Structures are given as structure tokens and as C-alpha cells.
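> Just the structure for this:
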Amino acid sequence: MRNSVIIIIICLLVSCKARVSLSGASIPQEAKTISVAFFTNNASLAPPSLAQVFTENLRDVVSQQTSLALVKQNGDLAFEGYISDYNVAPVAIQANDRAGSNRLTIAVYVKYFNKFDETKNFEQTFSRFADYASTENLSNKESELIKEINRQLAEDIFNKAFNNW
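Here you go, the predicted structure:
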């Protein structure tokens, strides 16, 4: 009886389809490659380098958190999309209708394709923001804010694709 239970457990473990990466992500066992297409910049106010910086950030995240080979196109799993919004707006209005801080918001439209399970495919806009003091000039803080927002966006996209969040 005990041997039967052990054999059943081993069979169940061997037959599992999902592969788990170091990050705890669920990746189809059949998947060997991933591609992250260049995300174009469709946001009129965004700095010219934003598209390149975001694309590289997302590529870094999927490379570091999975064992999949990063390919230029047609990966078993694939991301594509564009930067859809880049906006600075006042927040935390104080006395005399002056802003206490400003908010930089970046939105990215993403399409994700999974060749092995189309139910995992999605199209979604992800948006993140960072605030900075209204006494500071955006040009002095912009690269730092973009870096933080891109990190958050890449994590959100990765989690949606591989952790079903």
C-alpha cells in the first residue's frame, strides 16, 4: 500500500506541466524562448529615450527572473506594445491653489502571447506614477522617476504574465 502511494505521488509530480522559475513564476514547461519587441513611444510628451529604456528594463526582468532564452522575435512567449501616456500633473493642492507636489504618470499598453496556452494571452494598459515636490524641477528628477516607474511597470507586467496577478 505504501509503495502505491509513493508511486502515485511520483507520477503526479512527473506529469506536472508548469515549470517554476527562481522568482516563483509559473512558466509552461514547453516554453524555451521569450521575446520582448521594441515598445514604441506613442506619448507626445515623453522623452525620446523612454521607449528604449522601458524595453530594456522589461527584457532585463524577464531574463533575470526566468530561465528562458531571450530572442529578438517569435518567442514561445512574447510581449509587444507601446508607451501610451506620459503625463505630469499637480497633486496635493495647498494654500493659494499651489501644488504641494507633482505626479509623473507613465502608461504602457501591452500584448502578451503564450503559444502553448492562449487563455493566458492578454492585452492591457499598465499605469504607474511617482510624485515629486513641486519645488523641484522635473528635468532634475526625471531620470530617477522614470527608473522607478519602469521598475514597477515591468514587475506588474511580469506578474500578470507569469504569476496570474
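> which residues touch the lengthiest helix in the chain?
The helix spanning the most residues in the chain, taking DSSP state H as the definition, is helix 138-162. Residues external to helix 138-162 that are found in contact with it (Cβ atoms under 8 Å, 6 or more residues apart in numbering): 21, 23, 25-27, 47, 50, 53-54, 57-58, 60-62, 65-66, 77, 79, 88, 102, 104, 106, 108, 110, 112, 114, 120, 122, 124, 126, 128-130, 132, 165. Placement of C-beta: from N, CA and C, glycine included.
> Show me which of those residues are buried.
By neighbour count, with 16 or more other Cβ atoms under 10 Å, those hold 25, 27, 50, 54, 57-58, 61-62, 65-66, 77, 79, 102, 104, 106, 108, 110, 112, 114, 120, 126, 128-130, 132 as buried.
> Take those and keep only those in strands.
In strands, defined here by DSSP state E, the members of those are 27, 77, 79, 102, 104, 106, 108, 110, 112, 114, 126, 128-130, 132.
> I'd like to know which of those is nearest to residue 43.
Residue 43 has its nearest neighbour among these in residue 106, at 7.7 Å by Cβ to Cβ.
> Poorly predicted segments of the protein, please.
Residues of the chain that meet the criterion pLDDT under 70 lie in 1-25, 95-97, 99, 165.
> and with 50 instead?
5-23 (pLDDT under 50).
> Contacts made by stretch 36-52 with the rest, please.
54-55, 58-59, 62, 70, 73, 78-88, 106-108, 142, 146.
> what's the offset of that stretch from the middle of its chain?
Offset of stretch 36-52 from its chain centre (Cα atoms, centre = their mean, to the nearest Å): 15 Å.
> now do the same end-to-end measure for it.
12 Å (Cα to Cα, to the nearest Å).
> same deal with stretch 108-121?
Across stretch 108-121, the terminal residues are separated by 16 Å (Cα to Cα).
> and that stretch, how far from the chain's centre?
The answer for stretch 108-121 is 13 Å, by Cα atoms, centre = their mean.
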